[in-house]
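Undergrad: how does the following fold in three dimensions:
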Amino acid sequence: MLAVHMSDETRRRCGYPYAMIQCRWRRFDGAICFSLVLALATASRADDAPIRLNTVGFLPDAPKRASVAAACSDFRVVRDTDGGEVLAGRAAPPVKDAEAGQSLAVIDFSALAAPGVYRLDVPGVGRSAPFRVGVDVYNEPLKTATRAMYLWRCGTAVSGQYHGDTFAHPACHVEDAFLDFVGGGHARKDLAGGWHDAGDYNKYVVNAGFTVGVLLQAWDQFGDTLRAVRLDIPESNNTTPDFLDEVRWELEWLLKMQADDGSVYHKVSTKEFGGFVMPEAEKAERYAVPWSSAATADFAAVMAMASRHFAPYDRAFADRCLAAARKSYAFLAANPASHPADLTGFSTGPYQTGDASGRMWAAVELWEATGEDAFLKDFESRANATPGRVRSSAGWSDVTNFAMYTYALSKRQGRDPAVLESARTALVRMADGIVKTRDAHAYARPLGGRYFWGCNGHVAQQVQTLHVANVIRPNRAYAETSLDALGYLFGRNAYGRSFVTGVGHDPPRHPNDRRAGSDPVDAPWPGYLVGGGWPNPADWHDTQEDFRTNGIAISWNASLIYALAAHGR
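TA: Residues are numbered from 1 along each chain as shown. Sure, this is the predicted structure:
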């Protein structure tokens, strides 16, 4: 890659901190072509999209607001087809966006309820990107984000069409994986399958456990919506819903990761991150990495969950999952000390974390699956040790929230009233805090001014806390705040752009995705949520090289899928 160095004055005038010329080799009809692509390091200049709103659209009965980074007073809502006015009003007085040092006016056009495609027209400022109003505005994004999981499959050929492009690759990584680092010598065990974890092609159990947990909880709570989503995957003609079939692809790989004693290998990985090649072209040897108690605990939890959800469709598979959960739980009981993975020799994603929250999650999921008192007592003992401990969103490093969701929403009898009240109170209190944070933010961002690696995934993940709290104590503000989370991700942000490839207005063009960086199709693979800017919101760079802010991950997509399913029809 050739870097173009710019003076501070040039950067200031252009609105970009730097620019790069990317030298790309691409394959077209068997030929190798060379191209130069000028990639600007920031997503867009602030004044390119001064009217910032959810560019996917709005539910008819939901609030509809936009943030405008310019002085304005009047506004109109016009039809996208002919520019005809359907609504007019005045903007609210500007508020200060402390993060960007801007004044933002808020336009409220909630009175618009008729289905259609519209734009905001603000005199002296311009017109917004088009947006749609309809009961089904999130259906297509939900399908796209869920089908993106299929396109992440490892160990098999995949192919899918989107907006006229075909995204495909032949079977990859069919030699997974060698046992050198787990005491098996240079012999191979069948560890093929599963999903690639992110923009790289390795597979990590801790993040896989988090991801499957989110998706199965989405099935728990929005099964009717997800059952109707046809993914057009190889299993689409069987009797199991497509959504569960896709989750099963990952579960089948996870089952292979369990060792004979019940411990679970931490990951399957190359020693170093591979280059930007298509997955079938990555030929470096991949290895099983020694077990960790965090991976083992998360495995036990999701296998117990799977046993419940697959029982109506495949009893034998459900029984297999439950037996695997019991085996790993027994291993953890016999090995109570936290045990990190030995990552010696590997520079790929570590996903190292403690196991306290995972053990709690495993206990409550096994109780939910079996009703056995020993699992309930284990969970409640652990919950009592950290009463009321929840976060605004879960993450792979702390799955306490998942355990609390299951316990708080369970229909089983026998829970300790004090522990139950503590869990429910903590979840409602956290949801109230999320609403207050949203209210104070210029873009109604439920995560407020917190920016960190993968923060967009946490914006989506907060919807789960809000939804569970809404079940415990119904509050319209919880549902509206979860819609604001989607609004932020789809364009009501400092860029006026969607953060999901292929979805909404001006979505990411150059995600840190090895497929997109080497595929003959000159478009990013669709349906992937990028991580977002940090340590400041203006630090998002829509360039392939910026894995810090423009990366993708199965866990972030799972949270996006949950958030979309919460508002699907």
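
Undergrad: how far away is the closest residue to residue 106 other than its chain neighbours from residue 68?
TA: The spatial neighbour of residue 106 that comes closest, neighbours along the chain excluded (Cβ to Cβ, 6 or more residues apart in numbering), is residue 92 at 4.6 Å. No exception for glycine: its C-beta is placed from N, CA and C like everyone else's. For residue 92, the distance to residue 68 (Cβ to Cβ, to the nearest Å) stands at 10 Å.

Undergrad: now do the shared contacts for these two.
TA: 105, 106, 107 (Cβ atoms under 8 Å, 6 or more residues apart in numbering).

Undergrad: now do residue 237: how many residues are near it, please.
TA: When neighbours are counted by other Cβ atoms under 10 Å, residue 237 registers 7.

Undergrad: ok, back up a step: for the residue nearest to residue 106, helix, strand, or coil?
TA: Assigned with DSSP: H, G, I helix; E, B strand; the rest coil, residue 92 falls in the coil class.

Undergrad: how about the one 4 residues further on?
TA: Secondary structure assignment for residue 96 (three-state DSSP): strand.

Undergrad: that one and residue 441 touch, don't they?
TA: No - with contact defined as Cβ atoms under 8 Å, residue 96 does not reach residue 441; the gap is 11.3 Å.

Undergrad: those two: which is more packed in?
TA: residue 441 (20 against 11).

Undergrad: for that one, which non-adjacent residue is closest in space?
TA: residue 448 (5.4 Å).

Undergrad: quick one: contacts for that neighbour?
TA: Residues near residue 448 by Cβ under 8 Å, 6+ apart: 437, 438, 440, 441.

Undergrad: burial check on the second one, number of neighbours?
TA: A total of 23 residues lie near residue 438 under the criterion other Cβ under 10 Å.

Undergrad: neighbours of the closest residue to residue 185 other than its chain neighbours, how many?
TA: Residue nearest to residue 185 in three dimensions, not counting chain neighbours: residue 179, with 6.4 Å by Cβ to Cβ, 6+ apart. Residue 179 has 16 neighbours, counted by other Cβ under 10 Å.

Undergrad: what about residue 179, distance to residue 259?
TA: Using Cβ to Cβ, residue 179 is found at 10 Å from residue 259.

Undergrad: before we move on, what about residue 389?
TA: Counting by Cβ to Cβ, the gap from residue 389 to residue 259 is 31 Å.

Undergrad: before we move on, which element is the closest residue to residue 54 other than its chain neighbours in?
TA: In space, and not counting its chain neighbours, residue 54 is closest to residue 487: 3.8 Å by Cβ to Cβ, 6+ apart. Element membership of residue 487, judged by DSSP states H and E, is helix 476-489.

Undergrad: moving C-terminal of that helix, what's the next helix or strand?
TA: Heading C-terminal from helix 476-489, the first helix or strand you meet, by DSSP H and E, is helix 547-550.

Undergrad: compare residue 92 and residue 68 (neighbour count), which wins?
TA: In this view residue 92 and residue 68 are compared by other Cβ under 10 Å, and residue 68 has more residues nearby, 25 against 13.

Undergrad: where does the prediction get shaky in the stretch 1-150 of the chain?
TA: The model of the stretch 1-150 of the chain has pLDDT under 70 over residues 1-47.

Undergrad: name all residues that make contact with the residue nearest to residue 54.
TA: Contacts of residue 487 (Cβ under 8 Å, 6+ apart): 53, 54, 65, 444.

Undergrad: from those, pick the one nearest residue 243.
TA: residue 54 (24.4 Å; Cβ to Cβ).

Undergrad: where's the closest one relative to residue 475, distance?
TA: Distance, residue 54 to residue 475, using Cβ to Cβ: 21 Å.

Undergrad: neighbour count: those two, which is higher?
TA: Ranked by neighbour count (other Cβ under 10 Å), residue 54 and residue 475 place residue 54 first, with 28 against 16.

Undergrad: that one contacts residue 496, doesn't it?
TA: No - at 10.7 Å, residue 54 and residue 496 do not qualify as touching, with contact defined as Cβ under 8 Å.

Undergrad: next, count neighbours for the nearest residue to residue 102 once chain neighbours are set aside.
TA: Distances taken as Cβ to Cβ, 6+ apart put residue 69 closest to residue 102, at 5.3 Å, once the chain neighbours are dropped. Residues lying near residue 69 (other Cβ under 10 Å) number 22.

Undergrad: how much space between residue 69 and residue 444?
TA: In terms of Cβ to Cβ, residue 69 sits 14 Å off from residue 444.

Undergrad: same question for residue 525.
TA: Going from residue 525 to residue 444 by Cβ to Cβ gives 29 Å.

Undergrad: pretty sure the residue nearest to residue 102 contacts residue 101?
TA: No - using Cβ under 8 Å, residue 69 is not in contact with residue 101; the gap is 10.8 Å.

Undergrad: so what are the domain limits for this protein?
TA: Per automatic domain parsing, the domain ranges recorded for the chain read 2-40, 46-133.

Undergrad: okay, helices next: where are they in the stretch 151-300 of the chain?
TA: 205-227, 242-256, 293-310 (DSSP state H, counting those that start in this stretch).

Undergrad: could you dump the first one to CSV, C-alpha only?
TA: This means helix 205-227. Only the C-alpha atoms of helix 205-227 are listed here, as CSV (Å, rounded to 0.1, in the frame of the first residue of the first chain):
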residue,chain,number,x,y,z
VAL,A,205,-15.0,-20.7,21.4
VAL,A,206,-15.5,-17.9,23.8
ASN,A,207,-16.8,-15.5,21.2
ALA,A,208,-18.8,-18.4,19.6
GLY,A,209,-20.4,-19.1,22.9
PHE,A,210,-21.4,-15.5,23.4
THR,A,211,-22.8,-15.4,19.8
VAL,A,212,-24.8,-18.6,20.0
GLY,A,213,-26.1,-17.4,23.4
VAL,A,214,-27.5,-14.2,21.9
LEU,A,215,-29.0,-16.0,18.9
LEU,A,216,-30.7,-18.6,21.0
GLN,A,217,-32.1,-16.0,23.4
ALA,A,218,-33.4,-14.2,20.3
TRP,A,219,-35.1,-17.4,19.4
ASP,A,220,-36.5,-17.7,22.9
GLN,A,221,-38.1,-14.2,22.8
PHE,A,222,-38.8,-13.6,19.1
GLY,A,223,-39.3,-17.1,17.7
ASP,A,224,-42.4,-16.3,15.7
THR,A,225,-40.5,-13.5,13.9
LEU,A,226,-37.4,-15.5,13.3
ARG,A,227,-39.3,-18.6,12.2
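
Undergrad: and the helices in the stretch 301-450 of the chain?
TA: All helices of the stretch 301-450 of the chain, identified by DSSP H, counting those that start in this stretch, fall at 315-334, 356-370, 373-385, 400-409, 417-439.

Undergrad: I'd like these as CSV, with distance to residue 514 and mean pLDDT appended.
TA: Shown next, in CSV, are the helices of the stretch 301-450 of the chain (distance: least, Cβ to Cβ, whole Å; pLDDT from 0 to 100):
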stretch, distance to residue 514, mean pLDDT
helix 315-334, 31, 98
helix 356-370, 29, 98
helix 373-385, 39, 96
helix 400-409, 30, 97
helix 417-439, 34, 97
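
Undergrad: out of those helices, which comes closest to residue 236?
TA: Closest approach to residue 236 among the helices of the stretch 301-450 of the chain (Cβ to Cβ): helix 315-334, 17.7 Å.

Undergrad: show me what the closest one is packed against.
TA: helix 242-256, helix 293-310, helix 356-370 (3 or more Cβ pairs under 8 Å, 6 or more residues apart in numbering; DSSP states H and E).

Undergrad: starting at the chain centroid, how far to the longest one?
TA: When you say that, I think you mean helix 293-310. Here helix 293-310 is found 19 Å from its chain centre; the criterion is Cα atoms, centre = their mean, to the nearest Å.

Undergrad: same thing with stretch 172-186?
TA: 29 Å.

Undergrad: any buried residues in that stretch, and which?
TA: For stretch 172-186, the neighbour count (16 or more other Cβ atoms under 10 Å) marks 172, 173, 176, 177, 178, 179, 181, 182 as buried.

Undergrad: kindly report the same for stretch 422-439.
TA: Applying 16+ other Cβ under 10 Å to stretch 422-439 flags 422-428, 430-431, 434-435, 437-438 as buried.
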